[in-house]
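Visitor: Provide a 3D model corresponding to the input given below.
(one chain, ligands or ions: 1)
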Amino acid sequence: MRILVIGASGFIGCYVMRRLGASPDHAVSGTCWSGPPADDGNAWHQVELTDTTALEGLFDDTQPEAVIHLAAIADIGAAERDPERATAVNVSATSTVVRLCERHGSKLIFVSTECVFDGQRGFYREDETPRPTAHYGRTKWEAEQEVVWLAESWSIIRTSIVYGWPHPGKRNFAPWLIENLRGGQPYHAPTDVLRTPVYVEHLVDGIERTVAGNYPGILHVAGRDWVSMHEFAATVANAFDLDASLVQPMDADAQARAGASVRPDRLGLDCRETMRRLNLEHPALADGLAALKAAAPSF
Ligand SMILES: NC(=O)c1ccc[n+]([C@@H]2O[C@H](COP(=O)([O-])OP(=O)(O)OC[C@H]3O[C@@H](n4cnc5c(N)ncnc54)[C@H](OP(=O)(O)O)[C@@H]3O)[C@@H](O)[C@H]2O)c1
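Guide: Below is the predicted model:
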């Protein structure tokens, strides 16, 4: 299958490129924006998402049968600081991608986020109504609606906090935490911020299955365990034989006193229906961390 990965140079995109690019069944092209990653044998296209002409040229060149759209301003703070830019990249450009998928008869897999929900209850099902509270979540929800309204053949994959070894120069929560704990630095972890963390390769399992099969609609692909960031951090510490006492609990009041901007938010995704549809094992946090450890560059 001819597959185009938009946002292939990002954290998740690099793992998608590596997995799909290794398959003899696929011819995979990827986009970057800041610059192409190291030469890995894949076909790279440097494209600014808001440049409609460049996107049209990209589709003409690659003639994709399937498009995996990952590119976004995925940093919540950056989206708040420059909301117009976030809307242009996350919503308007997605609308263009959807129209081009229609023109070229490409199936679209759009990767979205738990941040489309309001964070009041958490562990949201695929059929619950989003109510985003921050600009990043609003842009992703608006982009989802563009996909639902305009696309013929589509799947939306929402995920939760994704962890894995990042590419050089990039940051990711679990490796950052491991490095800090190794250096004896305490981590004050919120007890009332809830997520369903997923190891990046397990998310890619869901993306790969969706590309290969016929799974229209909204899919939730995240980890099985619904945990606080405190539980997540303590489990990471234990899995990597680090001093878990450095992971100190912090509730909303303590966060407010410390001036932390993190608000209590109960997100996390109920993925049971999607895992059943995709016929995938639903990975536990312990499984994800074991896989992270096994893949560690220098452990
Ligand atoms: N990581 C998570 O925990 C998480 C959780 C939930 C949902 N998601 C969703 O998953 C997707 C990928 O996330 P990620 O963590 O892999 O993000 P990331 O590492 O920040 O990568 C973002 C990608 O988008 C590209 N991009 C950004 N602005 C662009 C522009 N103006 N024009 C063209 N390309 C542009 C980047 O290109 P360059 O790198 O070349 O600049 C990069 O390839 C996002 O849609 C995000 O909403 C991520």
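
Visitor: now the stretch 1-150 of the chain, which segments are flagged as low pLDDT?
Guide: Residues of the stretch 1-150 of the chain meeting the criterion pLDDT under 70: 39-40.

Visitor: close to the ligand: what parts of it are there?
Guide: Residues of the stretch 1-150 of the chain lying close to the ligand by Cβ under 6 Å from any ligand atom are 7, 9-13, 32-34, 47-50, 70-74, 89, 111, 113, 140. For the C-beta atoms, the positions are set from N, CA and C on the backbone; glycine is no exception.

Visitor: show me which of the residues you listed are buried.
Guide: With burial judged by 16 or more other Cβ atoms under 10 Å, the buried subset of those is 7, 9-13, 32, 47, 49, 70-74, 89, 111, 113, 140.

Visitor: from the residues you listed, which land in helices?
Guide: Here DSSP state H is the test, and these give F11, I12, G13, K140 as lying in helices.

Visitor: residues near the nearest residue to the first one once chain neighbours are set aside, how many?
Guide: Right, F11. With sequence-adjacent residues excluded and distances taken as Cβ to Cβ, 6 or more residues apart in numbering, F11 is closest to P166, at 5.6 Å. Neighbour count for P166, taken as other Cβ atoms under 10 Å: 17.

Visitor: next: the one 3 residues further on.
Guide: Close neighbours of G169, defined as other Cβ under 10 Å, add up to 5.

Visitor: from N90, how far off is the spatially closest residue to D82 that is not a sequence neighbour?
Guide: Spatially, and ignoring its direct neighbours in sequence, D82 is nearest to I73 (7.9 Å; Cβ to Cβ, 6+ apart). In this view, I73 and N90 are 6 Å apart by Cβ to Cβ, to the nearest Å.

Visitor: equivalent analysis for S106, please.
Guide: Look at S106 and N90: by Cβ to Cβ, they are 20 Å apart.
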